[in-house]
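> can't give you the sequence, but here's the structure:
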């Protein structure tokens, strides 16, 4: 019997993919929104595909704001964009 692969939905494009193919964005206990590269940090998680378009779509359709049930400042998206650029080159 094959092991079940945990699927997650991208808050940008809405596609279902395995956790390994996605980047996890978390809301910490302090209310900060950060990229969780390890996938192990504590906090409420939302998933995005590794394509930059998905981050842009999540900004436009307020996918992260719905997931975290809070409004997200533009500066948070800018810092996510920087982290995204650094991690997607690997």
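Looks like it arrived, so ask away. Computed from a predicted model, the values in this text were never measured in an experiment. Numbering: from 1, shown residues only.
> CA atoms for contacts and neighbours, from now on please.
Fine.
> in the protein, which ranges drop under the pLDDT threshold?
Applying pLDDT under 70 to the predicted model, the residue ranges of the chain that meet it are 1, 88-90.
> Would you map the strands across it?
7-9, 16-18, 22-27, 33-36, 44-49 (DSSP state E).
> now the ones you listed in TSV, with distance to residue 59?
Shown next, in TSV, are these (distance: least, C-alpha to C-alpha, whole Å):
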stretch	distance to residue 59
strand 7-9	16
strand 16-18	18
strand 22-27	13
strand 33-36	13
strand 44-49	11
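> between those, which gets nearest to residue 73?
Shortest distance between residue 73 and these, using C-alpha to C-alpha, is found for strand 33-36: 9.8 Å.
> So which residues of this protein form helices?
In chain order, the chain shows helices spanning 52-60, 63-68, 74-88, with DSSP state H as the criterion.
> Check which helices and strands the first one sits against.
Using 3 or more C-alpha pairs under 8 Å, 6 or more residues apart in numbering; DSSP states H and E as the contact criterion, the neighbours of helix 52-60 among helices and strands are strand 44-49, helix 74-88.
> What residues does the residue lying closest to residue 32 once chain neighbours are set aside make contact with?
With C-alpha to C-alpha, 6 or more residues apart in numbering as the criterion, residue 32 has its nearest non-adjacent residue at 7.9 Å, and that residue is residue 26. When the contact criterion is C-alpha atoms under 8 Å, 6 or more residues apart in numbering, the partners of residue 26 are 32, 33, 34, 35, 36, 41, 42, 43, 44, 45, 46.
> Now, of those, which are buried?
Neighbour-count burial within the contacts of residue 26 applies to 33, 34, 35, 36, 43, 45, 46; the criterion is 16 or more other C-alpha atoms under 10 Å.
> The fifth one contacts residue 32, doesn't it?
The reference is to residue 43. No: using C-alpha atoms under 8 Å, residue 43 and residue 32 do not qualify as a contacting pair, with a distance of 9.7 Å.
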